[in-house]
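> next comes the sequence, and after it the predicted model I'd like to discuss.
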Amino acid sequence: MNPDIPVQLLGGITAREFLRDYWQKKPLLIRQAIPDFESPLDADELAGLALEEEVESRLIIENGVRPWEMRRGPFPEDEFSKLPETEWTLLVQAVDQFVPEVAELLENFRFLPSWRIDDVMISYAAPGGSVGPHFDNYDVFLLQGHGKRHWKIGQMCDTDSPLLEHTDLRILADFQGTDEWTLEPGDMLYLPPRLAHWGVAVDDCLTYSVGFRAPSAAEVLTHFTDFLSQFMSDEERYTDADAQPVSDPHQIQRDALDRLKALLAEHMGDERLLLTWFGQFMTEPRYPELVVGPELDDAELLDSLEQGAILIRNPSARLAWSEVDDDLLLFASGQSRLLPGRLRELLKLVCAADALHIDNLGQWLADEDGRSLLCELVKQGSLGFADE
Ligand code: SIN
Ligand code: CO
């Protein structure tokens, strides 16, 4: 998409302006970001999803067995009929993986890398329902799907911000409101990480949260070093062949620190491994058990495509690609594959994976690497046949 064309979703500013002025910096209210938006699913359908074993869901009851009680799904069918008339919320995670029309909403966010997007969570709240004043560590776009929700935003928070005790949720003890708005269907509020917010349902309401993922520094360090350590032999150690006689044998001297820094720099500075780890990490699926494929060989795949089969991305899979020197890396649901540079357009096609068929795959099916890549992705479960 052209970053300099005004975008309706962003209230008429361009993607470039949004990223410069708001993204990760300050909130933005967009009236009718999606004009006349009609929620593709209703409260009953959302409740239905919360009964399913593979779907992550939570119920928040403001005045439950304790203030801000949280119950985790899956829920039995009669759970919802036993709830009070007001002041509770049902939250269902990753609805985009189960409802294609919800996944389509993400097309509106193509000005951001898809690997930064976590999921679309949908909440249903009874009148007065909310999850309390809180902050999140990630960016979020809150799109009103049905009914009205009154949002208040407040101060920037961090791990030292005081929280209420004896609740199941991280509720801010001290919410300092700065602005407030009532959102109607199609209105959207962007919030940067750590900004306090509090959305209370005015009537029965559905809110869509497009959430983002950003690994913490601690995650980057622990996961990357774990990954690196697979490639190191036990013989590779701290060495000091250049050691000098010491004046005090109990002192750790500067030269030891310098050797350690050199050892760390040598490994941490390996860009190819860093990229490989990052791509694998950022494409790890939320539900790996939903990314499984059939046994299949190149000839069978070719045969199916020739008979009109269509391949699409498994909604639970994550795909991304990158370049290393003259080669390419494809990341698919936590795995990576090094590929020759000539497959660039195929990788783009696969990552977009709207629909892959004999017509748009054409030449790639004649390429041995291209064919084997497609076959691997089907076997791994990242791509699947549309009619299955
Ligand atoms: C909600 O949809 O009720 C909560 C969303 C949020 O505050 O992050
Ligand atoms: Co929040």
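All right, it came through fine. Computed from a predicted structure; not experimentally measured. Ligands and ions are numbered 1, 2, ... in the order given.
> list the buried residues in whichever strand or helix holds His150.
Using DSSP states H and E, the element containing His150 is strand 149-156. Neighbour counts over strand 149-156 (16 or more other Cβ atoms under 10 Å) mark 149, 151-154 as buried. Just so you know, the C-beta spots here come from the backbone N, C-alpha and C atoms, and that holds for glycine as well.
> of the residues you listed, list those near ligand 1.
Here nothing survives when the buried residues of strand 149-156 are matched to ligand 1 using Cβ under 6 Å from any ligand atom.
> okay, these in JSON lines with pLDDT next?
What follows is those, written out as JSON lines (pLDDT from 0 to 100):
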{"residue": "Arg149", "pLDDT": "98"}
{"residue": "Trp151", "pLDDT": "98"}
{"residue": "Lys152", "pLDDT": "98"}
{"residue": "Ile153", "pLDDT": "98"}
{"residue": "Gly154", "pLDDT": "98"}
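> can you pull out the strands in the stretch 251-388 of the chain?
Ranges of strands within the stretch 251-388 of the chain are 311-313, 319-324, 327-332, 335-340, 383-385, based on DSSP state E, counting those that start in this stretch.
> residue of the stretch 151-300 of the chain closest to ligand 1, please.
Relative to ligand 1, the nearest point of the stretch 151-300 of the chain is Thr207 (4.0 Å; Cβ to the nearest ligand atom).
> quick one, what contacts Cys205?
Going by Cβ atoms under 8 Å, 6 or more residues apart in numbering, Cys205 touches 124-125, 129, 144-149.
> nope, Glu165 is what I meant
So Glu165 contacts nothing (Cβ under 8 Å, 6+ apart).
> what does Gln380 give?
By Cβ under 8 Å, 6+ apart, the residues touching Gln380 are 291, 293, 332-333, 335.
> who wins for most neighbours among those residues?
Greatest neighbour count in the contacts of Gln380, by other Cβ atoms under 10 Å, goes to Ala332: 28 neighbours.
> where does the chain dip in pLDDT?
Counting by pLDDT under 70, the chain contains low-confidence residues at 388.
> how about the helices in it?
15-21, 43-49, 100-105, 217-229, 254-268, 271-282, 298-306, 344-352, 358-361, 368-380 (DSSP state H).
> can you redo those helices as TSV with distance to Pro6?
Listed next are the helices of the chain as TSV, based on distance: least, Cβ to Cβ, whole Å:
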stretch	distance to Pro6
helix 15-21	9
helix 43-49	33
helix 100-105	20
helix 217-229	35
helix 254-268	42
helix 271-282	30
helix 298-306	40
helix 344-352	24
helix 358-361	30
helix 368-380	37
